[in-house]
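Engineer: Below are the sequence and a predicted model for it; my questions follow.
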Amino acid sequence: MKKKEIDTKYYEETDFSSLMTKSKKKIVSPAKTKRITMNISEIAYNEAHEIDQYLNMGYQNVLKTAIILGLNDLYQKINSNKALT
């Protein structure tokens, strides 16, 4: 069976940040968008590609989404331990 070729250029060049920030569980900083450079392990890189094969959204957008979801989880864990005053 021949695997369908997918043009990933669209996903690599499209910014999905507006879709990610529309979530009800979100952290939106009022600051302007910042660019960062990260070194990731080959394992994380390969996992992002595996998830991309399932979601077809581009591995870089998979990594961006993972960062947003991870920050949201961290934020919730920190706030759940704070006492209400």
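Structural biologist: Nice, I can see it. It should be emphasised that the depicted structure is a prediction, and the values quoted were computed from it without experimental measurement.

Engineer: Just after the lowest-mean-pLDDT helix or strand in the chain, pick out the following helix or strand.
Structural biologist: Of all helical and strand segments in the chain, the minimum by mean pLDDT, DSSP states H and E falls on helix 17-21, at a mean of 67. Next helix or strand after helix 17-21 toward the C-terminus (DSSP states H and E): helix 42-55.

Engineer: After that following helix, which helix or strand is next?
Structural biologist: With elements assigned by DSSP H and E, the helix or strand that comes after helix 42-55 is helix 59-80.

Engineer: Using CSV, write out the CA atom coordinates for that following helix.
Structural biologist: Only the C-alpha atoms of helix 59-80 are listed here, as CSV (Å, rounded to 0.1, in the frame of the first residue of the first chain):
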residue,chain,number,x,y,z
TYR,A,59,6.6,18.7,14.1
GLN,A,60,7.4,22.2,15.1
ASN,A,61,3.8,23.0,15.8
VAL,A,62,3.6,19.7,17.8
LEU,A,63,6.5,21.0,19.9
LYS,A,64,4.9,24.5,20.3
THR,A,65,1.6,22.8,21.5
ALA,A,66,3.5,20.6,23.9
ILE,A,67,5.1,23.7,25.4
ILE,A,68,1.8,25.4,25.8
LEU,A,69,0.1,22.3,27.4
GLY,A,70,3.1,21.8,29.7
LEU,A,71,3.0,25.4,30.9
ASN,A,72,-0.7,25.1,31.5
ASP,A,73,-0.2,21.9,33.6
LEU,A,74,2.6,23.5,35.5
TYR,A,75,0.5,26.6,36.2
GLN,A,76,-2.4,24.5,37.5
LYS,A,77,-0.1,22.5,39.8
ILE,A,78,1.4,25.6,41.3
ASN,A,79,-1.9,27.3,41.8
SER,A,80,-3.6,24.2,43.3
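
Engineer: Report the rounded mean pLDDT for that helix.
Structural biologist: Regarding helix 59-80, the rounded mean pLDDT is 90.

Engineer: Offset the numbering so it begins at 40, please.
Structural biologist: Sure thing, new numbering starts at 40, so read that last one as helix 98-119.

Engineer: now it against helix 81-94, angle please.
Structural biologist: 100 degrees (axes from the mean of the first three to the mean of the last three C-alpha atoms, to 10 degrees).
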